[in-house]
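S.K.: Test case, fold it:
(2 chains)
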Amino acid sequence: MEVVLALAIGILIGSGVWLLLRPRTFQLVVGLSLISYAVNLFIFSIGGLAIDKEPILADGVPPDLAHYTDPVPQALVLTAIVISFAMTALLLVIVLASRGMTGTDHVDGTEA
Amino acid sequence: MTALIQGLMPHLMVAPILLPMLIAAVMVLMGEGRRPAKLVLGMSSALLGLALSVALFAWVDAYGAVAYLPGNWPAPFGITLAVDRLSAGLLVLTWILGTCALSFASARWHRAGVHFHPLFQLQLMGLSGAFLTADVFNLFVFFEILLAASYGLLLHGAGKPRVRAGVHYVAVNLAASSLFLIGVSMIYGVTGTLNMAELSARLSEGNVANRHLIDAGAAILAVAFLAKAAAWPLNFWLVPAYASATPPVAAMFAVLTKVGVYALMRLWTLMFAGGPLAGFGADGLFVFGGVSAVLAALGMIASQRLAVQAAAGVMVSAGTLLAALGLGEEAVLGSAMFYLVSSTLASSAFFLLVDLVERWRTGSTAVDEAPFLSATLEAQEVNLDDEGEPLVALPFPASTALMGMAFVACTLLTSGLPPLSTFIGKLGMLSAALGPGSGSAPVSPRAWLFTGVLLGCGLLTLIALTRTGIRTFWPEMQRTPPQVRAPEGLPLVALLAACGVLTLAAGPTMELARATAQSLYDRRGYIDAVLGAAVRPPATVREDDR
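M.R.: Residues are numbered from 1 along each chain as shown, chains lettered A, B, ... in the order given. Sure thing, here's the model as predicted:
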């Protein structure tokens, strides 16, 4: 599981950075989204990977960290998802305005 | 008055965040029009916030750092707000800039788009929150709030240059925010805490496991802050963005880079001022700060546009501060804080002045820079003056003198020449870096380098601004005298007067700045205040007690 997660984060970040370095605004938006997915996975993994463990106290399970996953990274991921979602929407608006005003989807507003 | 504040503390701490948030919410509900009402609301909020932050500063200066638990959870678990002299001082600075920029915008610029006023309040909220929070993740949230508002404000007035600079600005800041999250989560993964005071306490315990992971996390976090503080090589977005923003917005943005500097000051002194990890990354901060200050000063020489020079001036001051932080000496940091306050006030005044000068020089604002203010749109009755009148002002007889004097003051302040306050800040930094603070030991090469950077930047800035000043003010031309309206002239004078007050009261304010730096490096007061914040008993228990 660790290998799969690490690969997923690595591939997402790699693709995101590559797209970020492209000159088109659409690629910029997709690149930033991929990076934010990778960051979310990274935050999620920071509390340790576990299967079948409760994030909140449950009846009949002894209350020590060996039996629970860390709930804080999940709360952080939730916040990060909401914020990156809003920021992507904002970026889309700006990118569309730029496309409308300059007539091109180049990030500098001019070709070349 | 003191009794009232005494009674309201510590709840008063959350007021600089809640006040602009509620006002912004009311403004959004008011819809797109009603600009006079929104202006009155916004100005009252700014003045009240200014009074609040001054009260907070006075309180903190008298009683030391205070923490507040908004959710009433004990300190390392819930969200914590904390205020010490540094936070309170920057809070006062923020609200001074807010009041002045809003007043300047009220003359003209707030009509250039529809949602200026709520965005401006949200900007103030994000800034106040970033200075008040004592939690690394919460810092991220407030960063995003202030950035989201700044994206909106940057685009205020629309126009091609603004949108083009906006794409770059937003993209760089979103990428930096991703790095911020990675850094925060790495530090959480190793130390198991997000609370800054708890983090500092754990790191100073000595037996730090995985210190290389902490170093890596802190370095990634620092990259995010350095990008916000416009340190080389992450600073290429700043000049186009600030130079194309509407002037009152740019005046407010003058404090945005200082948020990055503040975050670095706060976290670096908390994490790396003592204990086993001491001194990590200081060289990096010194190099990046010095290089960005020098490059920005060269950029001022290279440009002939006043707005670009004002934006580069912001980068010079941010770079100088980072280099001063990288020296890692308490006395240098104290004077650097004095310099921070005065150079931010100066940059803000400079942005306001640039608008007046450009309008005077070019006759009116170029159409491309403000399509909503152009004559054709007014003829179509789009975005007319509130009274439906054309925007004509009465000539102000002393206006040429005012603008000339303001330009001289801005030049002296930006380049750090005597007799104004940035000179005192720079002199303090230099005498602390070179002076007897280091004992009989010879002056270190780093201190000499710092001296060179500071003096060199001052010289380059002076050359650039003098040249532009001559080009702007001296040519013999059939020009009408500039038109300066009271809401535009007053904030400019107020910002420069604040620098003048800092100059005249240099003794006590420098003492205050030194004490601030001392408490930053001491850390105990902050950690005790945050971790010792008392949880309030629930109301039912208090009734039982009776």
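
S.K.: Run a quick neighbour tally on residue 6.
M.R.: No chain in the question, so chain A it is. 13 (other C-beta atoms under 10 Å in any protein chain shown). All C-beta spots, glycine's among them, are computed from the backbone N, C-alpha and C.

S.K.: Let me rephrase: I mean chain B.
M.R.: 11.

S.K.: Report the secondary structure state of it.
M.R.: helix (DSSP: H, G, I helix; E, B strand; the rest coil).

S.K.: quick one, what contacts B:Phe288?
M.R.: Residues in contact with B:Phe288 (C-beta atoms under 8 Å, 6 or more residues apart in numbering or on different chains) are B:Leu226, B:Ala231, B:Trp232, B:Gly319, B:Leu322, B:Gly326.

S.K.: Now rank the residues you listed by neighbours and give me the top one.
M.R.: B:Ala231 (33 neighbours).

S.K.: quick one on the thing from earlier: farthest pair in the contacts of B:Phe288?
M.R.: B:Trp232 and B:Gly326 (13.3 Å; C-beta to C-beta).

S.K.: Pipe the contacts of B:Phe288 into TSV and attach secondary structure and pLDDT per row.
M.R.: Rendered in TSV, the data for the contacts of B:Phe288 read as follows (DSSP: H, G, I helix; E, B strand; the rest coil; pLDDT from 0 to 100):
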residue	secondary structure	pLDDT
B:Leu226	helix	91
B:Ala231	coil	85
B:Trp232	coil	83
B:Gly319	helix	92
B:Leu322	helix	91
B:Gly326	helix	86
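
S.K.: Helix or strand with the lowest mean pLDDT in chain B?
M.R.: In chain B, no helix or strand scores lower on mean pLDDT, DSSP states H and E than helix B:375-379, which sits at a mean of 48.

S.K.: could you say which helix or strand contains the closest residue to B:Ser303 other than its chain neighbours?
M.R.: Using C-beta to C-beta, 6 or more residues apart in numbering or on different chains and skipping the chain neighbours, the partner closest in space to B:Ser303 is B:Gln309 (5.7 Å). Assigned by DSSP states H and E, B:Gln309 belongs to helix B:306-327.

S.K.: Name the residues of whichever helix in chain A runs longest that are buried.
M.R.: If you go by DSSP state H, chain A has its longest helix at helix A:71-102. Neighbour-count burial for helix A:71-102 flags A:72-73, A:76-77, A:79-80, A:83-84, A:87-88, A:90-91, A:94-95, A:97-99, A:101-102 (criterion: 16 or more other C-beta atoms under 10 Å in any protein chain shown).

S.K.: same deal with stretch B:486-494?
M.R.: B:Pro487, B:Glu488, B:Gly489, B:Leu490, B:Pro491, B:Leu492, B:Val493, B:Ala494.

S.K.: residues contacting the fifth one?
M.R.: Yep, that's B:Pro491 we're talking about. B:Pro491 makes contact with B:Thr99, B:Cys100, B:Ala101, B:Ser103, B:Phe104, B:Leu352 under the criterion C-beta under 8 Å, 6+ apart.

S.K.: that older thread, can you put the contacts of B:Phe288 in JSON lines and add distance to A:Pro63?
M.R.: Shown next, in JSON lines, are these (distance: C-beta to C-beta, whole Å):
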{"residue": "B:Leu226", "distance to A:Pro63": "42"}
{"residue": "B:Ala231", "distance to A:Pro63": "46"}
{"residue": "B:Trp232", "distance to A:Pro63": "50"}
{"residue": "B:Gly319", "distance to A:Pro63": "51"}
{"residue": "B:Leu322", "distance to A:Pro63": "46"}
{"residue": "B:Gly326", "distance to A:Pro63": "46"}
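
S.K.: Show me which of those residues is closest to B:Leu427.
M.R.: Distances from B:Leu427 to the contacts of B:Phe288, taken by C-beta to C-beta, are shortest for B:Gly319, at 18.2 Å.

S.K.: pretty sure the closest one is in contact with B:Ala231, am I right?
M.R.: Yes: counting by C-beta atoms under 8 Å, B:Gly319 touches B:Ala231, with 6.5 Å between them.

S.K.: my read: A:Leu5 touches A:Leu41, true?
M.R.: Yes: applying C-beta under 8 Å, one finds A:Leu5 in contact with A:Leu41, separated by 6.5 Å.

S.K.: the more surrounded of these two?
M.R.: A:Leu41 (17 against 14).

S.K.: Skipping its backbone neighbours, what lies nearest that one in space?
M.R.: A:Ile9 is the one closest to A:Leu41 (C-beta to C-beta, 6+ apart), at 5.1 Å.

S.K.: tally of neighbours for residue 38?
M.R.: Picking chain A for this. 22.

S.K.: My question was about chain B, not that one.
M.R.: So B:Lys38, with other C-beta under 10 Å, has 23 neighbours.

S.K.: Can you report phi and psi for it?
M.R.: Backbone torsions for B:Lys38, taken as degrees, to the nearest 10, come to phi -60, psi -40.

S.K.: for it, what are its contacts?
M.R.: B:Met27, B:Met30, B:His117, B:Pro118.

S.K.: what about 6 Å?
M.R.: Taking C-beta atoms under 6 Å, 6 or more residues apart in numbering or on different chains, we find B:Lys38 in contact with B:Met27, B:His117.

S.K.: got a pLDDT number for it?
M.R.: On pLDDT, B:Lys38 comes in at 87.

S.K.: now do B:Pro475
M.R.: 66.

S.K.: Please see if the longest helix of chain A touches chain B.
M.R.: Yes: if you take C-beta under 6 Å from any C-beta of the partner chain as the test, helix A:71-102 does meet chain B, through A:Leu76, A:Ala80, A:Ile83, A:Met87, A:Leu90, A:Leu91, A:Ile94, A:Ala97, A:Ser98, A:Met101.

S.K.: just to confirm, which helix or strand has B:Pro248 in it?
M.R.: Here B:Pro248 is assigned to helix B:247-253, by DSSP H and E.

S.K.: Off-centre distance for the following helix or strand past that helix?
M.R.: Using DSSP H and E, the helix or strand that follows helix B:247-253 in sequence is helix B:256-272. Relative to its chain's centre, helix B:256-272 lies at 12 Å (C-alpha atoms, centre = their mean, to the nearest Å).

S.K.: Check stretch B:351-362 too.
M.R.: Using C-alpha atoms, centre = their mean, the offset of stretch B:351-362 from its chain centre is 22 Å.
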